[in-house]
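> the following block contains a protein sequence and its predicted model.
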Amino acid sequence: MKTIALVVALTVAAPAWAQSNAPVMAPVETVASPVAVGIAAKLLPNGTYRQMLGGTLKQMIGSMTDGVGNMPIGPILKAAGLDPAIATKINKATLGEIMTIMDPNYAERMRRMTGAMFDAMIPVMETMEPDIRAGLAVSLQNRFSQAQLAELSGFFSTPTGSLYASQQMTLYTDPAVMSRMQAMMPKLMAAMPDIMAQAVKATADLPPAKTAKDLTPADRTRLAELLGVDTKQLDQKK
């Protein structure tokens, strides 16, 4: 499920990430001009997230989930810190094979969970769409001069520009893009041990995290408050 959430986040965020790398062409504003608002409306028309989450993306994520299930378990365990020599010995076993032993309905359960998750996300994203569109308008206002906004508005008013604007978000859910994201997963898993090693190296000079025995009385009192228990119950959970 974390893989699904990651792909969804990347898909939804990709256009914003690309735009965030554009040079800042104007002083930062908090109120968008009518031109910027109009462009934002064309780039993120009503129903965009329903189209993204309820169509191709939903189907492709299901396929990608199946692909993850077919991945050898060895690289995953290696990324989790298992001895590479041991991980290599079980490299032929797949995550799906192991999960099916534990849950014979694993594949069907994942299919239903994926579908239900996307169906539940659609109305939530629809309520957020106007606010995201308003933020997009401010972003456009901040990153482009008025002359450039006028040029963009002119282009998006043409048949080709209007068609592109209405589809630029959903381009990232096209099978041609999603299939390449799916193909990227094995490479990402293979690189994960090195990625994790770099993460560990980056924190090597920090003190280790506290264990239960390291907690001060103040720590224990605050932890109990956050968990809604008393300190005696903390002792029972050791």
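Sure thing, it's come through. Please read these numbers as outputs of a predicted model, since none were measured by experiment.

> ok, now which ones touch the closest residue to G96 other than its chain neighbours?
Once its chain neighbours are removed from consideration, G96 has its nearest residue in G69; the separation is 3.1 Å (C-beta to C-beta, 6 or more residues apart in numbering). Bear in mind the C-beta positions are built from the backbone N, C-alpha and C, glycine included. For G69, the contacting residues are 94-96, 99, 106-107, 110, taking C-beta atoms under 8 Å, 6 or more residues apart in numbering as the criterion.

> take those and keep only those in strands.
Members of the contacts of G69 lying in strands (criterion: DSSP state E): none.

> out of those, which one has the weakest pLDDT?
Least confident of those in the model: L95, at 77.

> residues near that residue, how many?
The tally of other residues near L95 (other C-beta atoms under 10 Å) stands at 16.

> now stretch 229-238: buried residues?
For stretch 229-238, burial by neighbour count (16 or more other C-beta atoms under 10 Å) applies to L234.

> poorly predicted segments of this structure, please.
When residues are selected by pLDDT under 70, those of the chain lie in 1-29, 55-68, 75-82, 87, 89, 91, 236-238.

> how is it partitioned into domains?
If the domains of the chain are taken from automatic domain parsing, they occupy 2-206, 207-238, with pieces of a single domain joined by a plus sign.

> restricting to C-alpha, output stretch 178-189 in CSV.
The C-alpha trace of stretch 178-189 is given here as CSV (Å, rounded to 0.1, in the frame of the first residue of the first chain):
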residue,chain,number,x,y,z
MET,A,178,2.9,4.8,-15.9
SER,A,179,4.4,1.8,-17.6
ARG,A,180,7.8,3.4,-17.3
MET,A,181,7.2,4.2,-13.7
GLN,A,182,6.4,0.5,-13.2
ALA,A,183,9.6,-0.5,-14.9
MET,A,184,11.5,1.8,-12.6
MET,A,185,10.5,-0.1,-9.4
PRO,A,186,13.0,-3.0,-9.8
LYS,A,187,15.8,-0.4,-10.4
LEU,A,188,14.7,1.5,-7.3
MET,A,189,14.6,-1.6,-5.1
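
> please identify the buried residues of it?
The neighbour-count criterion (16+ other C-beta under 10 Å) identifies 178, 181-182, 185, 189 as the buried residues of stretch 178-189.
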